[in-house]
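Chemist: One predicted model, sequence on top.
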Amino acid sequence: MIKIYHNNRCSKSRCGLEILEKSGKEFEIVKYLEDVPNKKELKDLINLLGIKPIELIRKNESIWKEKFKNKDLSDAEIITAMIENPKLIERPIIINGKKAVIGRPPEKILDII
């Protein structure tokens, strides 16, 4: 089953959702700001994306700029920051089986559905 980590207040995330809806395929919506991924889920997601934790951070968020920018953080500390401040997690993230992609631009979603 396809899964989208979604924030309805984000235009790119809404575009990603629209792509999934138009695909006609079944999918599950994870409202990650409400249903925050735990440490294992976030690590699994990062591994599936094939990126480093810092690459999943929204660096323009005020929380990042105020609390974390210019600090030498370990991967574990970055993951903890995302769990404590899920707004920092880049979106939308789409998972389809063993493939995952950050939908920026949203058209990247088409590569895995």
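Modeler: Looks like it came in fine.

Chemist: hmm, who's touching stretch 95-113?
Modeler: Stretch 95-113 is contacted from outside by 2-5, 12-13, 15-16, 18-20, 23, 25, 45, 48-49, 56, 90-94, using CB atoms under 8 Å, 6 or more residues apart in numbering. Every residue, glycine included, has its C-beta placed from N, CA and C.

Chemist: switch to 7 Å and redo it
Modeler: Residues external to stretch 95-113 that are found in contact with it (CB atoms under 7 Å, 6 or more residues apart in numbering): 2-3, 12, 15-16, 19-20, 23, 25, 45, 48-49, 90, 92-94.

Chemist: Just the buried ones from the residues you listed?
Modeler: 2-3, 12, 15-16, 19-20, 45, 49, 90, 92-94 (16 or more other CB atoms under 10 Å).

Chemist: any idea which helix is longest in the chain?
Modeler: helix 11-23 (DSSP state H).

Chemist: from the contacts of stretch 95-113, which is closest to F68?
Modeler: The nearest member of these to F68, counting by CB to CB, is E90 at 14.5 Å.

Chemist: contact partners of the longest helix of the chain?
Modeler: Identification of contacts with helix 11-23 by CB under 7 Å, 6+ apart yields 2, 4, 6-8, 27, 91-92, 94, 103-104, 106, 109-110, 113.

Chemist: what do you get if the cut-off is 6 Å, keeping everything else the same?
Modeler: Residues from elsewhere that reach helix 11-23, judged by CB atoms under 6 Å, 6 or more residues apart in numbering: I4, H6, N7, F27, R91, P92, G103, R104, P106, I109, I113.

Chemist: And the helices in this structure, which stretches?
Modeler: Along the chain, the segments classed as helices by DSSP H run 11-23, 39-49, 62-67, 75-84.

Chemist: how about these in TSV, adding distance to K98?
Modeler: Output for the helices of the chain, formatted as TSV (distance: least, CB to CB, whole Å):
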stretch	distance to K98
helix 11-23	18
helix 39-49	7
helix 62-67	30
helix 75-84	21
